[in-house]
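Chemist: My questions are about this predicted structure, shown below with the sequence.
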Amino acid sequence: MGWKECNKMDEKLKFIARYLEGEKIAPLCKEFGITRPTAYKLIDRYKMMGQCALVEQKRTPHRYANSLPVQIEAMILDLKRDYPNWGAPKIREKIIKKYPEVKAPAKSTIHAILDRHGLVKHRLGRRRFKATGTPLEHVNEPNQLWCADYKGEFMLGNRQYCYPLTITDYASRYIIAIDALSSTREEFAFEVFTRAFKEYGIPDSMRTDNGNPFANGQTFYNLTKLSVWWIRLGINLERITPGEPQENGRHERMHLTLKLETTRPPRQTLISQQEAFDNFINIFNNERPHEGIKNKYPVEIYKKSDKELKKLEPLFYPMHDQTITVTHCGRICTKKLKVSLSRCFAGQQVGIKEMEDGIWVVSFMDYDLGYFDEKGSRVEPVDDPFGLM
């Protein structure tokens, strides 16, 4: 048995859409003429790849950052247990003298390891955040949660690719924006969200997946300039579990309908494709009943947020030793310092404060990002203070 031959792509889209709505596997298999193994294979691929699972496409392999050898970390912890009153500078010197064949880590690296294992005594008033993952909320009021994503790219009639950036309100299903973009470049996303915030206000939370420009697995705490901007605006970040698109099921369901109704066939240009998206938004928000909201139209439920987009004032850290604006290349620079932080904080103000002899903590808003020492060239992160990893 196999997919009905009328249009395999459409059949797969319809199957996944009805699965996301909660229909049982057995009757779906019978109706679509497929076996259960075939159904589960498609569902598993969809969970892993999203809509890319429905077409053959090459995937780029994931890369993982290097970490400190386990033996070195164990050595640091053993020394701390033997000498509980020693800090990172003394432990580093002990490693150099006792194990001259070992390349000793920077003091800031040692301090970060001790902090991660709860072996650093913090001064009063220092606020700490424990990484607990990203909980996903179920909300009932407009603007408590927006969902954003890129619907899978596709080729237009002129052979240019279109990357639709979509934003919806979770509670009301109201579509905030669908923009036909020529790439997923961060500056394009900034424009879309700036326009959305100006028109509809600012939500309490934003739910996305873990891809660019919302997140980046190779950056500091997986942050990007876009997500740092959201944090500055007071937006709580939610991220779905990698490979679990059903955690953003309402938004994914809208994507499937969008694809069926606006991209088959694709329009000739980005402008004509945007016209199709605008027409879809109008019907979806104002004319289409939705079972999940008791067959109301989204426009009957949605209302603009009371939180207006305002110009952000520079940050200042009166309890720190210095307030420094991060350079465009992501560095903390003064007359005596040139320390790499991350480009995602470029243009933002951070505070630095000496916590121990020659060891400094770097803070952004109420979050402690990590440590560096006077000889170090970069900030060593601690446990993720944002709970995003």
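Modeler: Great, that's in hand.
Chemist: Check what contacts stretch 256-275 and list those residues.
Modeler: By CB atoms under 8 Å, 6 or more residues apart in numbering, the surrounding residues in contact with stretch 256-275 are 10, 13-14, 16-17, 20, 51, 151-152, 154-158, 160, 162, 164, 166, 178-182, 276-277, 279-280, 284. For glycine as for every other residue, the C-beta is placed from the backbone atoms N, C-alpha and C.
Chemist: For it, which residues meet the burial criterion?
Modeler: Within stretch 256-275, the residues that qualify as buried by neighbour count (16 or more other CB atoms under 10 Å) are Leu256, Leu258, Lys259, Thr262, Thr263, Pro266, Arg267, Leu270, Gln273, Gln274.
Chemist: chain center to stretch 255-269, what's the gap?
Modeler: Average the C-alpha atoms of stretch 255-269, do the same for its chain, and the two points are 26 Å apart (CA atoms, centre = their mean, to the nearest Å).
Chemist: And stretch 240-256, by the same measure?
Modeler: 14 Å.
Chemist: And stretch 302-322, by the same measure?
Modeler: In terms of CA atoms, centre = their mean, the centre of stretch 302-322 is set 20 Å apart from its chain centre.
Chemist: same thing with stretch 278-289?
Modeler: On CA atoms, centre = their mean, the centre of stretch 278-289 falls 28 Å from that of its chain.
Chemist: buried residues in it?
Modeler: Taking 16+ other CB under 10 Å as the basis for neighbour counts, the residues of stretch 278-289 that come out buried are Phe280, Ile281, Phe284, Asn285.
Chemist: Out of those, the closest to Val139 would be?
Modeler: The shortest separation between Val139 and any of the buried residues of stretch 278-289 is 18.8 Å, and it belongs to Asn285 (by CB to CB).
Chemist: Could you verify my assumption that the closest one touches Ile301?
Modeler: No. Between Asn285 and Ile301 no contact is recorded; they are 10.2 Å apart, counting by CB atoms under 8 Å.
Chemist: hey, what's in contact with both of these two?
Modeler: Tyr174.
Chemist: What is the most widely separated pair among the buried residues of stretch 278-289?
Modeler: The farthest-apart pair in the buried residues of stretch 278-289, when distances are taken by CB to CB, is Phe280 and Asn285, at 9.4 Å.
Chemist: related to what we said a few turns ago, the contacts of stretch 256-275, buried ones only, as a PyMOL selection?
Modeler: In PyMOL syntax, the buried subset of these is picked out as below (16+ other CB under 10 Å):
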select buried, resi 13+14+16+17+20+51+151+152+154+156+162+164+166+178+179+180+181+276+277+280+284
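Chemist: which stretches of the stretch 151-300 of the chain form helices?
Modeler: Chain-ordered helices for the stretch 151-300 of the chain, with DSSP state H, counting those that start in this stretch as the definition, fall at 186-200, 225-232, 249-262, 270-286, 298-301.
Chemist: and the first one, what does it pack onto?
Modeler: Spelled out, it's helix 186-200. Counting contacts by 3 or more CB pairs under 8 Å, 6 or more residues apart in numbering; DSSP states H and E, helix 186-200 packs against strand 161-169, strand 175-181, helix 225-232.
Chemist: same check, this time on the last one
Modeler: With contacts defined as 3+ CB pairs under 8 Å, 6+ apart, helix 298-301 has these neighbours: helix 270-286.
Chemist: run the last query once more with 10 Å
Modeler: With contacts defined as 3 or more CB pairs under 10 Å, 6 or more residues apart in numbering; DSSP states H and E, the packing partners of helix 298-301 are strand 161-169, helix 270-286.
Chemist: quick one, which of these is nearest to Val361?
Modeler: Closest to Val361 of the helices and strands packed on helix 298-301, according to CB to CB: strand 161-169, at 35.6 Å.
Chemist: State the mean pLDDT of that closest one.
Modeler: Summarised as a single mean, pLDDT over strand 161-169 is 96.
Chemist: Pull out the C-alpha coordinates of stretch 335-345 and format them as PDB.
Modeler: The C-alpha trace of stretch 335-345 is given here as PDB (Å, rounded to 0.1, in the frame of the first residue of the first chain):
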ATOM      1  CA  LYS A 335      42.400  50.900  28.200                       C
ATOM      2  CA  LYS A 336      43.600  47.800  29.900                       C
ATOM      3  CA  LEU A 337      41.100  45.100  28.600                       C
ATOM      4  CA  LYS A 338      40.200  43.500  25.300                       C
ATOM      5  CA  VAL A 339      38.100  40.500  26.100                       C
ATOM      6  CA  SER A 340      35.800  38.600  23.600                       C
ATOM      7  CA  LEU A 341      32.200  38.200  24.700                       C
ATOM      8  CA  SER A 342      29.900  37.600  21.800                       C
ATOM      9  CA  ARG A 343      28.700  39.500  18.800                       C
ATOM     10  CA  CYS A 344      25.100  38.900  19.900                       C
ATOM     11  CA  PHE A 345      25.700  41.600  22.500                       C
END
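Chemist: Sounds good, over and out.
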